[in-house]
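Fold the stuff below for me.
(chains A, B and C)
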Amino acid sequence: MKSGIRRWALGCAAGCLVLASALSTATAGTVKVGAIFAVTGPASFLGGPEARSAEMVVEKINKAGGINGDTVELIVKDSAGSSEKAVSFAKQLIEEEKVVAIIGPSTSGESLAVKKVAEDGQTTLISCAAAEVIVDPVARYVFKTPQKDSFAAQMIFEEMQRLKINTIAIAAGNDGFGKAGKEQLEKMAPSFGIKVAASETYDSKATDLSALVAKLKADAFIQAVVNWSVVPAQAIIAKNMRQVGWQAPLFQSHGFGNIKYAQAAGAAAEGIIFPCGRLLVADALEAAHPQKALLTQYKNDYEAKYKEDASAFGGYAFDAMNMVAAAIKQAGNDRAKVRDAVEGLQKFAGVGGVFSFTPQDHNGLAIDSFAMMTVKDGKFILYQGR
Amino acid sequence: MLTRKNYSLAGLCLATVGLHLLTVLADAPFYLTQLTMAAYYGLVIIGLGVLMGYAGQISIGHAGFFAIGGYVSAALTTRNLAPFEASWPVRLLDGLGLLVPGQDVYGAHLLTVSPWAACGCAVTAAAVIALIIGVPVLKLKGHYLAMATLGFGTIIYRILLASPYFGEADGISETPGFTLLPALGSWGPLVISGDVEHRVANFYLAWGVLIVGAWLLLNLIGSRVGRALRSLHSSEEAAEASGVDTARFKLQVFILSAVYAAVAGALLTHFNGGIGPSEASVMKSVRYVALVAVGGMTNLWGALIMGVGLTFLSLRGVFGAFDDAVFGLILIFVMLFAPDGILSLRLKPLLRRMFLGGPS
Amino acid sequence: MSLDLFFQYLFAGITYGAIYAVVAIGFNIIYNATGIINFAQGEFVMLGGMISISLLPFMPLWCAIAAATALTMLIGAAIEMLFIRWLQSPSVLRLIIITIGISILLRESALHIWGESIRSLPYFYGNEITTFSVGSVHISPQVVWVIAASGVMMGGLSLFFKSTPIGREMRACAANRTAALLCGINARNMVTLSFMLSAGIGALAGCVMSPITYTQYDSGTSLAIKGFTVAILGGLGNSMAAVAAGILLGIIEAFSVSVVPLAFQDAISIAILLIILFVKPHGLFGSSEAARLKDF
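Okay, here's the model as predicted:
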């Protein structure tokens, strides 16, 4: 027993050390910004590029002398996509690190989980997740950068009306992105006179969807398929459809905005139609476009720094970080003022679109933040009709 | 035996108070948040530890029970029953006084199940499910048992991910606090919630639950049943031959550990204000098993200390993007060099061997 | 259900099944030699795919695959020598937890080496949309590759175990380790060899399936769970049974799509597995006598 007590004492002493060493106080001349991203785990498609983009922005700011002379310290926490960790980290960032604002989390579930934490802690949270419920109902301190799912759904349905499509099938991944999109599609379809004949959810780790495709194809009424996810399965479903010789139009969501997926689907990706931010076609924009300069700059910087293609996902965090930086520049290191400054941002050009926040709209993007795109010869181009 | 157990428990109580004092001295009350969360996970781990170490049954599905506790309690206390107010089950619940009215952010009328009833349901559900699947599952052995429990965990995970009622991939958020005791005189109410004003109370509550849980298990280990349990792990045939009903004991411990997981799940969900599907994933179950192994399977204290300690560090994000990697490394090293748990390491001989090169 | 649709489901099921089966065979080889389930088996599959994709720019496809298989075999051997070989009479539970640790470590290393984005090998024949038709059923040539590769691996393994001296020695170790030791067989080398073999099989499978399923740092975990399921369903240690069980599970999954929502597919297939286990506690083709010989 004696040795047991000694071990206890040792353990306690070690605990004290950990406690003491982890305590850090903000040094003068730094502004702390928190970030919660799913850098590892099942949502790392989102969290990886997001964390890298945010770090890139901060590095650039600091190289240019910081904001109002203060260095920005970005504290990135890896939530691995789990909401209990996101909650723990949000509390930690707010109370302990005393950050001025938080960017992230990457997924809808985590964002909803930390929404209340941000409200209670009166700290601005700029989520990089898709679901509209994050900003609807509007919470005072919670914003989000990705475009609204309902806008994407609206653009898809309008295009379907042009193509005289009236019966569709929906396939979605079983992650937060897929769930949010599926809900919007099902809700909005009737008002466009479109019938949803089948609506299926597949596992985000699905390796083959030919059984699902066979089932959908067997329903002769289905004229088009809408797929909504951020996972590799969106390339798989394209392949499986074309392999069985099914040439029905395949619509995807803005989750397809990563050239990796188009490359993975190869020849099967040709002709996929999807709405997305203009990052993917930055080179093709006219010079006067308000996003042109920013988009090409982000794309070039990111690709030079990380040797990988820039995707729409990283853009969400790029925008969030830039907004926080702009707000700090106006309002200084003060949480309440930073919140007001973010809400006051008007005509703020970002990767996702041109943001104009209002007290009622904490997403700040209009439907024209999306453009319809398609894949041609393995590249994303603006869609000009079939 | 008795005194040793009491000493240990007293030590744990002192450690709890000590931890609180430390955070006060360091002026770092925010540590209590993660300490509270870690204590609940600790409860899962000691329950699983007794199942693995004393009953000799592996379970790679305990996150499933945790999730049943958390999700059932969260869904009942969060999902609005007002649209079904006229239906008989809702009227019945109302008649029993189990429903509480409320208001959502729009000011709309809400009707939800009271947290006490919801928690009761959640824990009962976990116990009943453990009973139903325990009977056939515990007849299996070795890898087949591992597969069956893994399968159980996967089924729960899939059902949660596929059911709109449980929020699919988003899980359930905006779960209200759990008022254990209403305000009494000058005492404020005792509420399980993440609000700052309840932080200290919640810390003591979580550690109190953990201490009571450990006390119950220690009693179980020391009792006749417990001695039978230990015999189980060494030799099931011998235990059977001496008239111990092994199947029944295994089932009892299985249900008990499921109840521990469910209680932890329900309380932590109210503390966090929600729960997500990651709590039910296979990786989470694997993590629980691994934490038990790291602490030592027949060492309740080891499992408790390592479970709470490592979970605390992980919840604080100490290892950053290397969280899983560090965890895997610890797992391998403990299993290679200290298969009976990290507390079984004799540090002195090890250090002597390392630095003096002498015999151990 | 029309006949066309029936065959389309059937082929989808066989595709899934062939993939599950190759992973399950890898489980069985190590199980036979050591009595443990190597939970890092899925990571061998992932490593095979990842390494071959990384090597592809420098050499032709078949060279990349061969090199990736060889490298993964070396990794398998290194893992066995580092973590398992020198343990003195370890308990099975301890070994399982070590392999879980190795699996986590390999996966996280892959994340930090290759990043989180998906990769794939090109289709061996044709491209993503090439198919050939049997009747009205469309089959991708890569599916044929996967099925053929599983077949060849099965055949090769059974030849190896039956007709080569090393194969016979391995079987002797599997049947009775002490007796094999007494006969002068180096049981430790046999264990290392079994890790190499199953790593090689996993890697090869990872290369062949990569064009269909893609390769990502964490694709091993879900494959390992499926492979484990199939190995158990068939009865541990029996590779032929694993193939049958794999195809069976694949077909169940494919046909389940026609009746229940896809979201419940895994829940259904695993519930069926549990029911089978409750009725036949040692898998469909396993014998209780064989299982009793193993200590865990």
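
Give the phi and psi angles for B:Trp187, as a check.
phi -80, psi 130 (degrees, to the nearest 10).

For it, list each beta-bridge partner.
B:Leu184 (DSSP bridges).

pLDDT score for it?
Looking at B:Trp187, its pLDDT reads 78.

same thing with A:Gly11?
For A:Gly11, pLDDT reads 50.

The closest residue to A:Ser150 other than its chain neighbours in helix, strand or coil?
Distances taken as Cβ to Cβ, 6 or more residues apart in numbering or on different chains put A:Gln184 closest to A:Ser150, at 5.0 Å, once the chain neighbours are dropped. For every residue, glycine as well, the C-beta is placed using N, CA and C. Following DSSP: H, G, I helix; E, B strand; the rest coil, A:Gln184 is assigned to helix.

Neighbours of A:Gln184, how many?
Around A:Gln184 sit 23 other residues, with neighbours defined as other Cβ atoms under 10 Å in any protein chain shown.

Now for chain B, the helix or strand with the poorest mean pLDDT.
Ranked by mean pLDDT, DSSP states H and E, the helix or strand of chain B with the weakest confidence is helix B:347-356, at a mean of 60.

Helix or strand next in line after the helix or strand hosting C:Leu223, which one?
Here C:Leu223 sits within helix C:219-234, counting by DSSP states H and E. Sequence-wise, the next helix or strand downstream of helix C:219-234 (DSSP H and E) is helix C:239-259.

chain center to the helix or strand that comes right after that following helix, what's the gap?
Next helix or strand after helix C:239-259 toward the C-terminus (DSSP H and E): helix C:265-279. The chain centre lies 20 Å from the centre of helix C:265-279; the measure is Cα atoms, centre = their mean, to the nearest Å.

Could I get the average pLDDT for helix C:265-279?
88.

same thing with stretch B:50-65?
For stretch B:50-65, the mean pLDDT works out to 90.

now check it, is it near chain A?
No - using Cβ under 8 Å from any Cβ of the partner chain, stretch B:50-65 stays clear of chain A, with a minimum separation of 11.2 Å.

and the end-to-end length of that stretch?
16 Å (Cα to Cα, to the nearest Å).

And stretch B:288-301, by the same measure?
With Cα to Cα, one end of stretch B:288-301 sits 15 Å from the other.

Now for residue 52, how many residues are close by?
Since no chain was named, I'll use chain A. The number of residues packed near A:Arg52 is 21, by other Cβ under 10 Å.

Let me rephrase: I mean chain C.
30.

what's the burial count for B:Asp323?
Close neighbours of B:Asp323, defined as other Cβ under 10 Å, add up to 22.

cool, and A:Asp283?
By other Cβ under 10 Å, the residues close to A:Asp283 number 9.

residue ranges of the strands in the stretch 1-150 of chain A, please?
A:30-37, A:71-78, A:101-103, A:124-127, A:142-144 (DSSP state E, counting those that start in this stretch).

Sorry, wrong one. I was asking about chain B.
B:99-103, B:109-113, B:172-173, B:178-181, B:190-192, B:274-275 (DSSP state E).

Pick the most deeply packed of those strands.
Compared across the strands of chain B, strand B:274-275 shows the largest average neighbour count, a mean of 32 (mean count of other Cβ atoms under 10 Å in any protein chain shown).
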